[in-house]
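Chemist: Could you work out the structure for the sequence below:
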Amino acid sequence: METRMTMLETRFDTILPTLATKEDLKGMELKLTTTIHHEITSCTWKMISWMTAVVGMAFAGVFYVARYLPA
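Modeler: The predicted model follows:
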């Protein structure tokens, strides 16, 4: 029984220092939140740019058809 306890204690002593603390988790949460907000903002502006380009091309196509093609 003593040997089993010693093995478990040794195992816990090697594992416990590698676990994250509350401070570690708080820092990771802050970094992750900042990264997510940055990526969402970046994707939003890309979507706005694409939609503006598509609407502009559609408008140009309709203008061309209405102006230059015979009815």
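Chemist: pLDDT (mean, whole number) over the helix or strand where M7 lies?
Modeler: For M7, the host element (DSSP states H and E) is helix 2-15. Per-residue pLDDT over helix 2-15 has a mean of 86.
Chemist: how about F63, what does it touch?
Modeler: Residues in contact with F63 (Cβ atoms under 8 Å, 6 or more residues apart in numbering): none are found. Where C-beta positions appear, they are placed from N, C-alpha and C, glycine not excepted.
Chemist: quick one on the thing from earlier: what's the next secondary structure element after the helix holding M7?
Modeler: Toward the C-terminus, helix 2-15 is succeeded by helix 22-68 as the next helix or strand (DSSP H and E).
Chemist: and that following helix, how far from the chain's centre?
Modeler: Per Cα atoms, centre = their mean, to the nearest Å, the displacement of helix 22-68 from the mean C-alpha position of its chain is 13 Å.
Chemist: send the alpha carbons of stretch 57-71 over as CSV?
Modeler: Taking Å, rounded to 0.1, in the frame of the first residue of the first chain, the C-alpha atoms of stretch 57-71 are listed here in CSV:
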residue,chain,number,x,y,z
MET,A,57,-20.7,46.1,-60.4
ALA,A,58,-24.4,45.3,-60.5
PHE,A,59,-25.3,49.0,-60.8
ALA,A,60,-22.7,49.4,-63.6
GLY,A,61,-24.2,46.4,-65.4
VAL,A,62,-27.8,47.8,-65.1
PHE,A,63,-26.6,51.2,-66.2
TYR,A,64,-24.8,49.8,-69.3
VAL,A,65,-27.9,47.7,-70.3
ALA,A,66,-30.3,50.7,-69.8
ARG,A,67,-28.0,53.2,-71.6
TYR,A,68,-26.4,51.3,-74.5
LEU,A,69,-28.5,48.3,-75.5
PRO,A,70,-31.5,49.0,-77.7
ALA,A,71,-34.9,48.4,-76.3
